[in-house]
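Engineer: below are the sequence and a predicted model for it; my questions follow.
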Amino acid sequence: MDAVNPVIFAAIPAFVLTMGIEALLLRRRPELRGYTLRDSAGSLAMGLGYLALNAGWKIVVLGVFAWLYQFRLFDIHPGPLAWLALLVVEDLCMYWSHRTAHEVRLLWCAHHHHHSSTHYNLSTALRQSWTEQLVTPVFWAILPLLGFPVEMIVVQMALNLLYQYWLHTELIGDMGRFGWVFNTPAFHRVHHGRNPEYLDRNYGGIFIVWDRLFGTFEPERAPVDYGVTVPVESDNPLRIFAFEYAALGRDLRQVRSLRGALGVVFGPPGWREDGHHQTAAVVRAAARSAPPVAQPPGS
């Protein structure tokens, strides 16, 4: 829906300006990975592809939402309380959409693109999926049924996406009490980490309270190793797009039963027909139970 939203297009100059400022500031921080031309070009290409490929589909989604609005339970009119309610409920929809994209392999194939970079900067926020929006609008279908006008939904979804843009930076550290309720760069850095303890954590968009409530919160402790567990090792947008779909196809060719096929497609990433799962939950549990690494004498 955001690809046809003028709010997003109006923000493009701000994206360019803030990425330039961040790049300059990162030159003073050599301990951080900063920007590389190839990585940022790959992210920008994914973002432009997102805008181009999803524009037509979002018009269809708007039509479906308008149709659903006919069956609304309540008549909600724009006003401060209505906008506050929408802010909260829409972000909850985003949480479950985001979480499902990590926990269902077929949806992960689409969302995987956003996590494929081993860098973490504002350009990473623009590394958007080309196919995720074909399915995920179903998570927002409750909003017109509750009675929120489609125009309000469109604006709030755009504002949620814009909020998440500034989360993609290493220049902002812990934000103290603000992070009790709201998502912060530190929490979202965790979400982009492939450290075992960071896998599938911190799904929130604007609010981090959903993760705290539903048991998916993890604070930033160890330095974050960015990227996916099986590296893409390419900044070509076509390879970024096809990588996880190709991996899914290879896994499907190896299954021996309908149960195995369904598990590979609809189970969590890392699910295996033979029971030797390497899902995020299994990897996290193994990391927690591993004995601490012995420190050398005098360390």
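Structural biologist: Yep, that arrived. Just so you know, these numbers come straight off a predicted model, no measurement behind them.
Engineer: so Asn160, which of the three states?
Structural biologist: Asn160 falls in the helix class when you classify it by DSSP: H, G, I helix; E, B strand; the rest coil.
Engineer: for it, give its distance to Ala45.
Structural biologist: Per Cβ to Cβ, to the nearest Å, Asn160 is found 23 Å from Ala45. Every residue, glycine included, has its C-beta placed from N, CA and C.
Engineer: go on, Thr118?
Structural biologist: With the distance defined as Cβ to Cβ, Thr118 ends up 17 Å from Ala45.
Engineer: pull the contacting residues for the residue nearest the centre of the chain.
Structural biologist: Within the chain, the residue whose C-alpha comes closest to the C-alpha centroid is His98; the distance, by Cα atoms, centre = their mean, is 5.9 Å. Taking Cβ atoms under 8 Å, 6 or more residues apart in numbering as the contact definition, His98 lies against His111, Tyr203, Gly204, Gly205.
Engineer: among those residues, which two are most distant?
Structural biologist: In the contacts of His98, the most distant members under the criterion Cβ to Cβ are His111 and Gly204, with 15.1 Å between them.
Engineer: who's more crowded, these two?
Structural biologist: Of the pair His111 and Gly204, Gly204 is the one with more neighbours under other Cβ atoms under 10 Å, namely 29 against 20.
Engineer: what ranges does this protein have for its helices?
Structural biologist: With DSSP state H as the definition, the chain shows helices at residue ranges 6-26, 37-69, 80-103, 105-111, 142-146, 150-165, 185-191, 209-214, 237-254, 258-266, 280-289.
Engineer: average pLDDT for the third one, rounded please.
Structural biologist: pLDDT averaged over helix 80-103 equals 98, rounded to a whole number.
Engineer: what are the buried residues along it?
Structural biologist: 86, 89-95, 97-103 (16 or more other Cβ atoms under 10 Å).
Engineer: how about low-confidence regions in this structure?
Structural biologist: Where the chain drops to pLDDT under 70, the residues are 1-7, 291-299.
Engineer: try 50 this time
Structural biologist: 1, 3, 294, 299 (pLDDT under 50).
Engineer: now the nearest residue to Thr131 once chain neighbours are set aside: how far from Leu159?
Structural biologist: For Thr131, ignoring the flanking residues on the chain, the nearest one in space by Cβ to Cβ, 6 or more residues apart in numbering is Ala110 at 4.4 Å. Using Cβ to Cβ, one gets 23 Å for the distance from Ala110 to Leu159.
Engineer: again with Asp251
Structural biologist: Taken as Cβ to Cβ, the span from Asp251 to Leu159 is 38 Å.
Engineer: export the contacts of His98 to TSV and tack on distance to Leu146?
Structural biologist: Rendered in TSV, the data for the contacts of His98 read as follows (distance: Cβ to Cβ, whole Å):
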residue	distance to Leu146
His111	26
Tyr203	22
Gly204	21
Gly205	18
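Engineer: what's the closest of those residues to Tyr69?
Structural biologist: The closest of the contacts of His98 to Tyr69 turns out to be Gly205 (Cβ to Cβ; 22.8 Å).
Engineer: thought the closest one was touching Leu159?
Structural biologist: No. Between Gly205 and Leu159 no contact is recorded; they are 9.8 Å apart, counting by Cβ atoms under 8 Å.
Engineer: neighbour count winner among those two?
Structural biologist: Legend: neighbour count by other Cβ under 10 Å for Gly205 and Leu159, higher for Gly205 (23 against 20).
Engineer: once you drop chain neighbours, what's closest to the more buried one?
Structural biologist: Nearest in space to Gly205, with sequence neighbours left out and distances taken as Cβ to Cβ, 6+ apart, is Met94 at 4.2 Å.
Engineer: again with Arg189
Structural biologist: Spatial nearest neighbour of Arg189, excluding adjacent residues (Cβ to Cβ, 6+ apart): Val224 at 4.8 Å.
Engineer: how much space is there between that neighbour and Phe182?
Structural biologist: Taking Cβ to Cβ, one finds Val224 at 19 Å from Phe182.
Engineer: out of the two, which sits in the busier spot?
Structural biologist: Comparing Val224 with Phe182 by neighbour count (other Cβ under 10 Å), the higher total belongs to Val224, at 19 against 16.
Engineer: against Ala101, how distant is that one?
Structural biologist: Val224 sits 20 Å away from Ala101, going by Cβ to Cβ.
Engineer: thinking again about what came up before, quick one, what contacts the residue nearest to Thr131?
Structural biologist: Residues in contact with Ala110, defined by Cβ under 8 Å, 6+ apart, are Ala101, Ser129, Trp130, Thr131, Glu132, Leu134, Val135.
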